[in-house]
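Student: build me a model:
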Amino acid sequence: VQLQASGGGLVQAGGSLRLSCAASGRTFSMYAVGWFRQAPGKEREFVASITWSTGSTYTADSVKGRFTISSDNVKNTVSLQMNSLEPEDTAVYYCAAMMLNRQYNYWGQGTQVTVSS
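Tutor: Presented below is the predicted three-dimensional model:
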């Protein structure tokens, strides 16, 4: 499975961005796709995930109510709509594919999100 993340950029606090993750390859073996982020000097943090077959979503408390994950199973894309962005949301955002073994085995290259105050 190959993952390509895009959509990052620079935005002012309170603004919005939409990240996209395009999956290719053995997508039929994917169980879920998740978004993670890593800020400088911090551990990688789970943001949200969506189960590929059912569309069930899970969102971290830190972004709940502001971020929404969705998928397009025909186009094999997963989007992360980010609203009411805060400077604390500044990080490199990665998408990852969870396979049937329930492990995130494949990772995209990351896209930078910078929120200015």
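Student: contacts and neighbour counts: CA atoms only from here.
Tutor: Fine.
Student: how about the residue nearest in space to the middle of the chain, what does it touch?
Tutor: A centroid search over the chain (CA atoms, centre = their mean) returns Trp35, at 2.7 Å, as the residue closest to the centre. With contact taken as CA atoms under 8 Å, 6 or more residues apart in numbering, Trp35 is in contact with 46-49, 80, 93-96.
Student: cool, Pro40 as well?
Tutor: By CA under 8 Å, 6+ apart, the neighbours of Pro40 are Ala91.
Student: can I get the CA coordinates of the strand or helix carrying the residue nearest to the centre of the chain in PDB?
Tutor: Using DSSP states H and E, Trp35 maps to strand 30-38. Taking Å, rounded to 0.1, in the frame of the first residue of the first chain, the C-alpha atoms of strand 30-38 are listed here in PDB:
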ATOM      1  CA  MET A  30      -6.700  -2.100   4.500                       C
ATOM      2  CA  TYR A  31      -8.800  -2.300   7.700                       C
ATOM      3  CA  ALA A  32      -8.600   1.400   8.500                       C
ATOM      4  CA  VAL A  33      -6.800   4.600   7.700                       C
ATOM      5  CA  GLY A  34      -5.600   7.000  10.400                       C
ATOM      6  CA  TRP A  35      -4.200  10.400  10.700                       C
ATOM      7  CA  PHE A  36      -1.400  11.200  13.100                       C
ATOM      8  CA  ARG A  37       0.700  14.300  13.800                       C
ATOM      9  CA  GLN A  38       4.000  15.100  15.200                       C
END
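Student: tell me the helix or strand right after it.
Tutor: Heading C-terminal from strand 30-38 (DSSP H and E), you reach strand 45-51.
Student: in that next one, what's buried?
Tutor: Across strand 45-51, burial judged by 16 or more other CA atoms under 10 Å covers 46-51.
Student: which stretches in this structure count as strands?
Tutor: Along the chain, counting by DSSP state E, strands occupy 2-6, 9-12, 17-24, 30-38, 45-51, 57-59, 67-72, 77-82, 91-99, 104-107, 111-116.
Student: which residues sit against the first one?
Tutor: Residues lying outside strand 2-6 but in contact with it, judged by CA under 8 Å, 6+ apart, are 19-25, 94-97, 106-111.
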